[in-house]
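**Q** Provided below are the primary sequence and the corresponding predicted coordinates.
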Amino acid sequence: MAFTLIFIMVAMALSACGSTTPAPGAAGGASTDAGKTTASTLDAIKKRGKLVAGVKFDTKLFGLKDPGTGKVEGFDIDLAKALAKQILGDETKLELKEVTSKTRIPMLNNGDIDMIIATMTITEERKKEVEFSDVYFKAGQSLLVKKGSAIKSVADVKKGVKALAVKGSTSTTNIRAKAPEATVLEFENYQEAFTALKAGQGDTLTTDNAILYGMVKQDPNYEVVGGTFTDEPYGMAIRKGDTAYTAYVNEFLKSIKTSGQYDKLYEQWIGEKPSK
């Protein structure tokens, strides 16, 4: 009897040591078990009383931080505010965390942010890592050059030409495919790349035309040339498997388009009405 009792106690101890409980992410994200989402990001946001959004700090028109005031402004920022207001009734219940093309998915998966609203192109490869909302902005890749440049289109990006791009962006992959003989130099963010272009470290900077137009507003000595040579539909990214929050965000996008709020923000930041 004593031997049997000891055996049972040892078995119970071993069982306790081997059990684990998954912990939610730092930003209150959904915990998972065998790849299935057990709690929605939406529930975590409501419980916390704050939406934590990953946004760009270096992209004029979409998300740019004013070094003087510390304020971040742009189209993506205003969409994040509108979403915070819909979820929590107050647009100020929002924390903006800086992401880059390189860091945004790791930060989302680590639970540092609830979602990404950061000029992120929807691709099949990225769909393997995150859930995407419906398209909220349609862009296309183009080229930025100094006025008077001999580069007029992607056909002019040949051997000997230095093209500047940002690490982790689809633009880097695209320019290598479209101009395989050119030299591609990668930078951490758009402001670094633009600074390098102005310093003469490259001949052209390539990314989505909407981002490039923002750079032209910063310095009119530069221009966007050659039209677009890719389609770059932007989506908001959510943790893989969180279909409940993805559906909520899609309903949010529909509601602000129906109300006219989306068109108003689009025209405010982009300078024209969205194409239908």
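**A** Good, I have the coordinates. Numbers count the residues shown, from 1 in each chain.
**Q** wait, what's in contact with the nearest residue to residue 104 once chain neighbours are set aside?
**A** Counting by CB to CB, 6 or more residues apart in numbering, residue 104 lies nearest to residue 116, which is 4.8 Å off, once chain neighbours are set aside. In this view, the C-beta of every residue, glycine as well, is placed from N, C-alpha and C. Neighbour list for residue 116: 53, 54, 99, 104, 105, 107, 108, 130, 236, 237, 238 [criterion: CB atoms under 8 Å, 6 or more residues apart in numbering].
**Q** mind redoing it with 7 Å?
**A** Residues near residue 116 by CB atoms under 7 Å, 6 or more residues apart in numbering: 54, 99, 104, 108, 236, 237.
**Q** Surely residue 95 is in a strand?
**A** Yes. According to DSSP: H, G, I helix; E, B strand; the rest coil, residue 95 belongs to a strand.
**Q** What residues are bridge-paired with it?
**A** Here residue 95 sits in beta bridges with residue 52, as judged by DSSP bridges.
**Q** what's the spacing between it and residue 246?
**A** 21 Å (CB to CB, to the nearest Å).
**Q** Just say helix, strand or coil for the residue nearest to residue 99 when sequence neighbours are not counted.
**A** Nearest non-adjacent residue to residue 99, counting by CB to CB, 6+ apart: residue 54, 3.9 Å away. Three-state assignment for residue 54 (three-state DSSP): strand.
**Q** Residue 54 contacts residue 113, doesn't it?
**A** Yes. Between residue 54 and residue 113 there is a contact under CB atoms under 7 Å: 3.9 Å.
**Q** what is in contact with the two at once?
**A** Residues touching both residue 54 and residue 113 by CB under 7 Å, 6+ apart: 97, 107.
**Q** Was I right to think residue 267 contacts residue 260?
**A** No. Residue 267 sits out of contact with residue 260 when judged by CB under 7 Å, with a separation of 10.4 Å.
**Q** neighbour-wise, which of those two wins?
**A** Taking neighbours as other CB atoms under 10 Å, residue 267 and residue 260 compare with residue 267 leading, 12 against 9.
**Q** And the residue nearest to residue 104, what's its pLDDT?
**A** For residue 116, the pLDDT comes out at 98.
**Q** For it, list each beta-bridge partner.
**A** As for beta bridges, residue 116 partners with residue 54, residue 237 under DSSP bridges.
**Q** Pull up the gap between it and residue 169, please.
**A** Taking CB to CB, one finds residue 116 at 13 Å from residue 169.
**Q** neighbour-wise, which of residue 95 and residue 246 wins?
**A** residue 246 (25 against 14).
**Q** which residue sits closest to the more buried one in space, ignoring its chain neighbours?
**A** Residue 246 sits nearest to residue 131 (CB to CB, 6+ apart), 4.5 Å away.
**Q** do residue 159 as well
**A** residue 181 (3.9 Å).
**Q** pretty sure that neighbour is touching residue 157, no?
**A** No. With contact defined as CB under 7 Å, residue 181 does not reach residue 157; the gap is 8.5 Å.
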